[in-house]
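Participant: Make a model of this:
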Amino acid sequence: MRESPISVRDEVMKAYAFYRGDKNSEIGLYGGTFTAIKNWKEILKEVYAVVQEVGMKGIRISTRPDEIDDVDFLADNGVVLVEIGAQSMVQKVLDASERQHSVDDVRLAVERIKEKKIKVCVHLMTGLPLDSKRDDIFSAFEVAKLNPDAVRIHPTLVLKGTKLEKMYLNGTYHPQTLEEAIDVVSDMISIFKNDKIQLERIGMYQDAETIKNVISGPYHPAFGELAISALYKKFLKSTGATKVYAPENLRSQIVGRNRIKDVKFEISDDISAVTGSGTIHFDEWLSEYVSHLKELIG
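Facilitator: Below is the predicted model of the structure:
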């Protein structure tokens, strides 16, 4: 476990200045299992002191579901959101991925965090070892039942120097294609949109070092846009739309990226499709589509 920086205060103040922080800003302690760091409580207390000093909103952390031992301490020291690295809600997938936590750990962690009125974001991954489209959709439904404040989804990528790279090279792991990942993630998005759960991020955070180390898997710099566009494409194709009404800021996602030239786009506050038999609102279609997904997984 790594120790804290030489000066936590200096690190936080540097970030605050670089990102032009204000009273609505939050400090993110991301990139690993924060509550497994040897001196995480001392670090959090120091960060919270800076948050109070400059008047920021609070602190976000990321951690494993089996490393949530002192939620009271988090609540008392400025944590306003915890991102839980669930990755899957299928135990065989967690075991094959050597996650070393259980599905019940995820449920318990979310429950304990919500009890303290701290927001919770659940992180899911697709295309893990022994994973399947059905498992990914099942995981989305299971997480939706927990009613988190937000979710984050990204497909599994094979990185240099990892055990997954060895599995990929010896043929025991086969990553998703880009098309497969877009398809299943678009279905997962439909589940969370239907339950009005915020999508915090779709696709992997793209720092230069990570991109350089990707050797296989469904990487695309605009993966999130592609996945959301795929959902809208399913809406237009399944309804046989000839015209679609939607907010202007969704034009690219609905008809632009999908290269749908035979569907006319009109600006509106809500999303709906005009078909030969009438108008179908997106929310109504979404509810039916999600019900169909639920039937498919049994």
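Participant: separation between Phe141 and Glu225?
Facilitator: Phe141 is 24 Å from Glu225, where distance means CB to CB, to the nearest Å. The C-beta positions use only the backbone N, C-alpha and C, and glycine is treated the same way.
Participant: and what of Tyr168?
Facilitator: Using CB to CB, Tyr168 is found at 26 Å from Glu225.
Participant: can you check Gly78 too?
Facilitator: The span separating Gly78 from Glu225 equals 33 Å under the rule CB to CB.
Participant: Please identify which of these two sits among more neighbours.
Facilitator: Gly78 (21 against 16; other CB atoms under 10 Å).
Participant: List the buried residues in the helix or strand bottoming out on mean pLDDT in the chain.
Facilitator: Counting by mean pLDDT, DSSP states H and E, the chain has its least confident helix or strand at helix 208-213, which shows a mean of 84. Neighbour counts over helix 208-213 (16 or more other CB atoms under 10 Å) mark no residue as buried.
Participant: Check the offset of that helix from the chain's centre.
Facilitator: With CA atoms, centre = their mean, to the nearest Å as the basis, helix 208-213 stands 20 Å off its chain's centre.
Participant: likewise stretch 60-72?
Facilitator: 17 Å.
Participant: now stretch 67-79
Facilitator: The answer for stretch 67-79 is 22 Å, by CA atoms, centre = their mean.
Participant: Need the contact partners of it.
Facilitator: 33, 35-36, 41, 44-45, 47-48, 51-52, 58-61, 82, 84, 108-109, 112-113, 115-118 (CB atoms under 8 Å, 6 or more residues apart in numbering).
Participant: Can I get the buried part of these as one ChimeraX selection?
Facilitator: Applied in ChimeraX, the following selects the buried portion of the contacts of stretch 67-79 according to 16+ other CB under 10 Å:
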select :35,44,47,48,51,58,59,60,61,82,84,109,112,113,118
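Participant: Can you flag which of the contacts of stretch 67-79 belong to helices?
Facilitator: 41, 44-45, 47-48, 51-52, 108-109, 112-113, 115 (DSSP state H).
Participant: Now pLDDT too, for those, in a markdown table please.
Facilitator: What follows is these, written out as a markdown table (pLDDT from 0 to 100):
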| residue | pLDDT |
| --- | --- |
| Lys41 | 93 |
| Leu44 | 94 |
| Lys45 | 95 |
| Val47 | 93 |
| Tyr48 | 95 |
| Val51 | 93 |
| Gln52 | 94 |
| Leu108 | 97 |
| Ala109 | 97 |
| Arg112 | 96 |
| Ile113 | 97 |
| Glu115 | 96 |
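Participant: for these, which one is nearest Ala246?
Facilitator: Closest approach to Ala246 among the ones in helices among the contacts of stretch 67-79 (CB to CB): Ile113, at 34.8 Å.
Participant: pretty sure the closest one is touching Val82, no?
Facilitator: Yes: taking contacts as CB atoms under 8 Å, Ile113 lies within contact range of Val82: 5.1 Å.
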